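S.K.: below are the sequence and a predicted model for it; my questions follow.
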Amino acid sequence: MPLEADEVERYARHIVLREIGGPGQQKLKAARVLLIGAGGLGGPLALYCAAAGVGVIGIVDDDAVSLSNLQRQVIHATGDVGRPKTSSAAAALARVNPHVAVVEHAMRLTAQNALDLIGAYDIVADGSDNFATRYLVADACALAGRPLVTASLGTFDATLTTIRAHERGPDGTPNPTWRCLFPEPPPPGTVPSCAEAGVLGALAGMVGSMMAIEVAREIVGFGTGLVGRLLVMDARDMRFETLTYAWDPENPVTGEAPTIRDLSGHAEKSPVTASR
């Protein structure tokens with residue numbers, strides 16, 4: 001997809017990078033990225049995807065901006081309180097880059113609509129704040145054959161990984177799924193919510209920005225991504241660790257005897273899609 005003259009100037013610092021260049025920037029312009037959540041993670045992720053020139057950015061979120069969001073959800077402003085997050089985010093992205101098309105999905109992500117939504121995009125980035133959504137998105141991406149960049153926030157800690165469960169690694173072994181890493185969600189009530197435990201605001205910005213790097217890397221194809229690797233961050237000690245994980249032949253989605261062949265098992269969980 002050719003770049004317009006002002007896009008060449010806008011993306012000049014990308015184009016001079018050997019790993020991106022003109023062809024890579026054209027890939028970014030042609031890409032369709034679906035963001036799950038427009039909050040603490042989804043906000044900086046969306047801003048940097050727009051600034052990078054991702055052609056189409058879809059945003060799924062059924063929440064409205066609240067005053068308590070603004071400590072970390074920097075895509076929104078005080079005047080946006082009460083406004084749907086998708087609408088507020090779309091306005092912010094239009095100010096960043098008018099060349100980017102934003103598709104608002106102001107809805108709850110469910111087992112009924114997840115495959116259709118995800119199937120319309122090239123790559124999915126999940127910044128949701130609850131386990132029900134996280135497992136739904138991961139299972140849907142595996143079934144739909146879409147790569148997934150997924151991150152989660154704790155109080156002072158975070159994790160980030162990329163999943164390409166529909167593909168195989170260089171040795172022919174299937175790539176791992178989310179359920180290879182975390183087979184089942186924790187029991188309800190065992191992990192406190194953001195409102196209960198709190199979260200360091202700047203940590204959301206850091207991890208959301210790292211998600212944007214991983215999305216760009218997946219689109220353009222440079223460097224070594226996080227497939228089969230879980231990046232673990234601890235902001236209290238500014239410590240970063242990378243853990244490796246592999247395909248589990250007993251995983252229920254892409255294992256040797258899969259039991260998850262559709263999303264019907266998620267039907268009654270009714271997940272919400274706002275992020276921390």
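M.R.: Thanks, I have the structure now. Numbering: from 1, shown residues only.
S.K.: give the burial count for residue 257, as a bare number.
M.R.: Close neighbours of residue 257, defined as other C-beta atoms under 10 Å, add up to 8. All C-beta spots, glycine's among them, are computed from the backbone N, C-alpha and C.
S.K.: now do residue 79
M.R.: 9.
S.K.: what of residue 122?
M.R.: If we define neighbours as other C-beta under 10 Å, then residue 122 has 18 of them.
S.K.: right, and it touches residue 145 too?
M.R.: No: contact criterion C-beta atoms under 8 Å: residue 122 and residue 145 do not qualify, at 10.7 Å.
S.K.: so what's the residue count around the closest residue to residue 62 other than its chain neighbours?
M.R.: Leaving aside its sequence neighbours, residue 62 sits nearest to residue 108 (C-beta to C-beta, 6 or more residues apart in numbering; 4.5 Å). Neighbourhood size, residue 108 [other C-beta under 10 Å]: 17.
S.K.: name the helix or strand of this protein that has the lowest mean pLDDT.
M.R.: In the chain, no helix or strand scores lower on mean pLDDT, DSSP states H and E than helix 194-197, which sits at a mean of 76.
S.K.: what residues of it count as buried?
M.R.: residue 194 (16 or more other C-beta atoms under 10 Å).
S.K.: helix/strand/coil for the residue nearest to the spatial centre of the chain?
M.R.: The centre of the chain sits closest to residue 125, judged by C-alpha atoms, centre = their mean, with a distance of 1.9 Å. What DSSP: H, G, I helix; E, B strand; the rest coil gives for residue 125 is strand.
S.K.: residues touching it, list them.
M.R.: 33-36, 42, 45, 148-150, 211, 214-215 (C-beta atoms under 8 Å, 6 or more residues apart in numbering).
S.K.: so which of those residues belong to helices?
M.R.: Counted as lying in helices by DSSP state H, out of the contacts of residue 125, are 42, 45, 211, 214-215.
S.K.: which residue ranges form the strands in the stretch 51-200 of the chain?
M.R.: Secondary structure of the stretch 51-200 of the chain by DSSP state E, counting those that start in this stretch: the strands cover 56-60, 101-105, 123-126, 148-153, 157-163.
S.K.: can I get those strands in a markdown table with mean pLDDT and distance to residue 178?
M.R.: A markdown table is the format used below for these (pLDDT from 0 to 100; distance: least, C-beta to C-beta, whole Å):
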| stretch | mean pLDDT | distance to residue 178 |
| --- | --- | --- |
| strand 56-60 | 98 | 18 |
| strand 101-105 | 98 | 21 |
| strand 123-126 | 98 | 9 |
| strand 148-153 | 96 | 7 |
| strand 157-163 | 97 | 6 |
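S.K.: can you say which of the ones you listed is nearest to residue 94?
M.R.: strand 101-105 (7.0 Å; C-beta to C-beta).
S.K.: angles on the backbone of the most far-flung residue of the chain relative to its centre, please.
M.R.: Farthest-out residue of the chain from its mean C-alpha position, per C-alpha atoms, centre = their mean: residue 5, at 30.2 Å. When read as degrees, to the nearest 10, the backbone of residue 5 gives phi -60, psi -40.
S.K.: what's the distance between the residue nearest to the centre of the chain and residue 9?
M.R.: According to C-beta to C-beta, to the nearest Å, residue 125 stands 27 Å off from residue 9.
S.K.: one more: residue 180?
M.R.: Distance, residue 180 to residue 9, by C-beta to C-beta: 44 Å.
S.K.: ok, these two, which is more surrounded?
M.R.: residue 180 (22 against 10).
S.K.: that older thread, which one of the contacts of residue 125 is nearest to residue 249?
M.R.: residue 148 (20.4 Å).
S.K.: residue contacts, that closest one?
M.R.: By C-beta under 8 Å, 6+ apart, the contact set of residue 148 is 123-126, 137-138, 141, 162-165, 178.
S.K.: mind redoing it with 6 Å?
M.R.: 124, 141, 163 (C-beta atoms under 6 Å, 6 or more residues apart in numbering).
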